[in-house]
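Engineer: okay, structure incoming, though there's no sequence with it:
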């Protein structure tokens, strides 16, 4: 039985979330709280497997409560997020502080998407319930012992010799924003390839996500635009609700941003991105599948690999949810399984054919 504490200042939201969750006989809401202070008390008392946490609350807001949870009693926390720019920025900050994912605050009973939202909510709760999180503690830099191997792989670019992969595609979902931020912030300024990212995220979130990443990366990070040229040293985030693909022209690569195929389960779809990159540039393609539920990306990686590309998968131990990477590992498509702290170095190494 997965136990949950729901923290929200709205009585309607508390009731709606509890009702949705308890349609699954394997999930039990053990308590609900009206603010962060009350939530912390109930979390200490019930020790739930998962917490859902609103951001805007009286007495103690969600970000403050989250800091206390992650320092004192770390466990998977899903943020309840409004689909606004302000909501996106607060949610991305929450994920930086340790929240594993978010739930859009579109829980009106008149919403046509209510069934999908309910399914997503229960799936996320079940998927993150088993993950063990470590307490947040101040990190103290320590000098490595004499002769010890470096903690992470080198991201130094070697002088060019022969052909190099120059198009990187990343597919990622649950737990993705902190993982992507960790990878991009570690890449060197002279990273010679362009990067395309399909992160499962609402349309209101991808612009703020790109802006946040641009502030921590030595590379240029932006939301992708249809028809713009693909450039090395630039990271393109697929807009939420649309797919990102590439079109190989005579003298350059252009980005294609489109709602088609509309029937795709995820928009953006990692499958669409990976397949497009594989078909477009063949062995010049490097794919990486990071943390996320489900198997999005596997079919696309099949195409990428068939055309001579290389594929990396994030390790189980460092994923919030080991779903998408597991799918390509189980299918025998991963050339290497990589801890997230080593992923930037693995991307640099993967450029060399």
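Structural biologist: It's in. From a predicted model like this one, the values you see are computed outputs, not experimental measurements.
Engineer: helix or strand for the nearest residue to residue 85 once chain neighbours are set aside, which one?
Structural biologist: Excluding the flanking residues, the one nearest residue 85 by Cβ to Cβ, 6 or more residues apart in numbering is residue 208, at 5.9 Å. Using the backbone N, CA and C atoms, a C-beta is placed for each residue, glycine as well. Assigned by DSSP states H and E, residue 208 falls within helix 203-216.
Engineer: buried ones in that helix, by neighbour count?
Structural biologist: 204-214 (16 or more other Cβ atoms under 10 Å).
Engineer: can you check the pLDDT for the residue nearest to residue 85?
Structural biologist: Looking at residue 208, its pLDDT reads 94.
Engineer: what about the helices in the stretch 1-150 of the chain?
Structural biologist: 11-21, 36-46, 62-72, 85-97, 114-128 (DSSP state H, counting those that start in this stretch).
Engineer: contact partners of the helix holding residue 208?
Structural biologist: 83-85, 87-89, 91-92, 177, 180-181, 184-185, 199, 201, 220-223, 235, 237-242 (Cβ atoms under 8 Å, 6 or more residues apart in numbering).
Engineer: what angle separates it from helix 85-97?
Structural biologist: 50 degrees (axes from the mean of the first three to the mean of the last three Cα atoms, to 10 degrees).
Engineer: please pull up the helix or strand immediately following helix 203-216.
Structural biologist: On the C-terminal side of helix 203-216, the closest following helix or strand by DSSP H and E is strand 220-223.
Engineer: okay, now the sheet partners of that following strand, with direction.
Structural biologist: Next to strand 220-223 in the sheet, as set by DSSP bridges, lie strand 234-237 (parallel).
Engineer: pull out the buried residues from the helix or strand just after the strand it pairs with.
Structural biologist: Remark: after strand 234-237, the chain's next helix or strand is strand 243-248, criterion DSSP H and E. Residues of strand 243-248 classed as buried by neighbour count (16+ other Cβ under 10 Å): 243-246.
Engineer: re earlier: among the contacts of helix 203-216, which ones are buried?
Structural biologist: 87-88, 91-92, 177, 180-181, 184, 199, 201, 221-223, 235, 237-240, 242.
Engineer: and stretch 218-229, how far out from the chain middle?
Structural biologist: Distance, stretch centre to chain centre, for stretch 218-229: 18 Å (Cα atoms, centre = their mean, to the nearest Å).
Engineer: what of stretch 285-304?
Structural biologist: 13 Å.
Engineer: how long is that stretch end to end?
Structural biologist: Distance across stretch 285-304, first residue to last, is 7 Å (Cα to Cα, to the nearest Å).
Engineer: okay, the buried residues of helix 203-216 in JSON lines with distance to residue 272 next?
Structural biologist: Conversion of these to JSON lines gives the following (distance: Cβ to Cβ, whole Å):
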{"residue": "204", "distance to residue 272": "21"}
{"residue": "205", "distance to residue 272": "19"}
{"residue": "206", "distance to residue 272": "15"}
{"residue": "207", "distance to residue 272": "20"}
{"residue": "208", "distance to residue 272": "23"}
{"residue": "209", "distance to residue 272": "19"}
{"residue": "210", "distance to residue 272": "19"}
{"residue": "211", "distance to residue 272": "24"}
{"residue": "212", "distance to residue 272": "24"}
{"residue": "213", "distance to residue 272": "21"}
{"residue": "214", "distance to residue 272": "24"}
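Engineer: which stretches in this structure count as strands?
Structural biologist: Here the chain has its strands, by DSSP state E, at 2-7, 27-33, 50-54, 77-81, 101-104, 167-172, 194-199, 220-223, 234-237, 243-248, 253-258, 285-289, 310-314, 336-338.
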